[in-house]
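S.K.: Fold the stuff below for me.
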Amino acid sequence: MTYHLAIDIGASSGRAILGSLDGGRLRLEEIYRFENYIKKENSVLIWDIENLVSEVFNGIAKCSKLGKIPATVAVDTWGVDYVLLDSEGREILPAVCYRDSRTEEAAKEAAGIMTQKELYRRTGIQKQNFNTLYQLYCDKKSGKLKNAAHFLMIPDYLAYKLTGVMKNEYTNATTTNMVNAQSRNWDREILGRFELPESIFLPLSMPGDFIGRFSKAARDAAGFDAEVICAPSHDTASAVCACPINGSSVYISSGTWSLIGTENTEPVLSDEALNANFTNEGGIGCRFRFLKNIMGMWLFQSIRRDMGKKLSYDEMMNLAENSPFTQKINPNSPEFTAPENMIEAVKKALNNSEIDAGGVLNCVYHSLAQSYADAVTEIENISGKKIDSVNIVGGGCKDSYLNSLTKRYTGKKVFAGPVEATATGNIMSQLMYLDRDLTLAKARDIIKNSADIKEVI
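M.R.: Numbering: from 1, shown residues only. Here you go, the predicted structure:
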């Protein structure tokens, strides 16, 4: 049996998942799970990078303990965030989290350097205050960029820690708002206008490209050697790789964020797309993920935290289902990005301090479903496609109540699964690296035959 290892890290947790092909069916086995978290240091929200690296090594070492040695390894994570290194390869910390408020003023200043319309014409990326462009602009102003010799997105950095080789992978790089949608490489005009040093950016590598073999440190920690390759290193790009979509369907990659969109071979750079705040992020095979970011399960994760984690997600879902309260909020409002207390933030947005927990939760459920329906309508109007189905993938597809509300609000057929879409897409890209005859269409057929995908009734 030939094994492949996906290191799949989201904004709240990470997993090491082994995959193998058995009789034409993809088998997955989660072998290690760890918590990923934001912490506050000197009033700044940051990632615990040292812990993240340690946990990645722990996940790889678990393969040796199980006697299941992968031939290939690939890493995917969330987008936007990065690590800077100096000329000696030493980290310039901290690695600031995208939810930190430092970019709010930077995003406003950026409009005086390059308008959002011009940025969109060049990159096709929606405006988010936390886009990497604005984060790096903050680093320039603070002097942090002065000693930077290398720029690595989080999955690039983790691959570097495994191999000693630096690469910038395409799909995650597109989330920076610094990659030209036409050339599919760094946009020199943007870098120049924002006075960001071109020298820290590497030519972009594509999913399926070889990065390197384990370094000695990685071999010693793991107990074996393996090839490390580029997956679609943005987790949503890996998830969409595993999504069984066609030209008349949209996907929702449902996790901390809900990413809803369609797959195109060319970017959509129209004023309509700009005004609707759609983005054109990179996908496998030089495709574009034409999508909208919606706050997603972050809302439920934060509410659960505010409730002392006393209830499971299923218990929270039951509370919502039994509540008659259906007033809605805009889930993408800035006040929900990183509030001290999400429950209070929702109540404030509703101007109603008397709502109980069930009402708050049901409000969020209906608000998300409505936002999905609105996005589907926008996709139809902007792209000219007639959408007949919605494919929900990722951990959020296990939420039967949200699935049923999505069907009700969109009026489309809704399919749920695969749950492990990100790891599945990651591993599929490794299989495609080893077998150049395995096309994306063939890979998706394997996924259809392997995953538990159900229509929501």
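S.K.: Next, the buried residues of the longest helix seen in the chain.
M.R.: Counting by DSSP state H, the longest helix found in the chain is helix 357-383. Residues 357-376, 378-379, 382-383 are the ones in helix 357-383 that count as buried (16 or more other C-beta atoms under 10 Å). Where C-beta positions appear, they are placed from N, C-alpha and C, glycine not excepted.
S.K.: quick one: it to chain centroid distance?
M.R.: Helix 357-383 sits 19 Å away from the centroid of its parent chain (C-alpha atoms, centre = their mean, to the nearest Å).
S.K.: Tell me where the model's unsure across the stretch 201-350 of the chain.
M.R.: For the stretch 201-350 of the chain, applying pLDDT under 70 flags no range at all.
S.K.: what about the helices in it?
M.R.: 216-222, 235-241, 271-275, 298-306, 313-321, 342-350 (DSSP state H, counting those that start in this stretch).
S.K.: I'd like the distance from L158 to S429, if you could.
M.R.: 16 Å (C-beta to C-beta, to the nearest Å).
S.K.: Spit out the contact partners of V456.
M.R.: 400, 403-404, 406-407, 414-416 (C-beta atoms under 8 Å, 6 or more residues apart in numbering).
S.K.: in what helix or strand does I17 lie?
M.R.: Per DSSP states H and E, I17 falls inside strand 13-22.
S.K.: Need the contact partners of that strand.
M.R.: 1-9, 26-36, 52, 55-56, 59-60, 62-63, 68, 70, 420, 423-424, 426-427, 430-431, 446.
S.K.: before we move on, back to that, next, the angle helix 313-321 makes with the longest helix of the chain.
M.R.: Inter-element angle recorded for helix 357-383 and helix 313-321: 90 degrees (by axes from the mean of the first three to the mean of the last three C-alpha atoms, to 10 degrees).
S.K.: any idea of the mean pLDDT for helix 357-383?
M.R.: Helix 357-383 carries an average pLDDT of 97.
S.K.: Domain-wise, how is this protein divided?
M.R.: Here the domain parsing of the chain from automatic domain parsing is 3-233, 243-417.
S.K.: any chance of these in a markdown table, plus distance to A441?
M.R.: Shown next, in a markdown table, are the domains of the chain (distance: least, C-beta to C-beta, whole Å):
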| stretch | distance to A441 |
| --- | --- |
| domain 3-233 | 15 |
| domain 243-417 | 10 |
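S.K.: List the residues that contact N131.
M.R.: Here N131 is in contact with 80, 103, 107, 125, 175-177 (C-beta under 8 Å, 6+ apart).
S.K.: pLDDT-wise, what's the bottom of the residues you listed?
M.R.: A107 (89).
S.K.: Contact partners for that residue?
M.R.: By C-beta under 8 Å, 6+ apart, the neighbours of A107 are 127, 129, 131, 134.
S.K.: Most neighbours among the contacts of V456, please name it.
M.R.: Highest neighbour count within the contacts of V456: T406, with 28 neighbours (other C-beta atoms under 10 Å).
S.K.: Take the contacts of A107 and keep only those in helices.
M.R.: Among the contacts of A107, the members falling in helices (DSSP H) are Y134.
S.K.: As JSON lines, the contacts of A107 with distance to Q301 and pLDDT would be great.
M.R.: What follows is the contacts of A107, written out as JSON lines (distance: C-beta to C-beta, whole Å; pLDDT from 0 to 100):
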{"residue": "K127", "distance to Q301": "24", "pLDDT": "87"}
{"residue": "N129", "distance to Q301": "20", "pLDDT": "90"}
{"residue": "N131", "distance to Q301": "22", "pLDDT": "96"}
{"residue": "Y134", "distance to Q301": "24", "pLDDT": "97"}
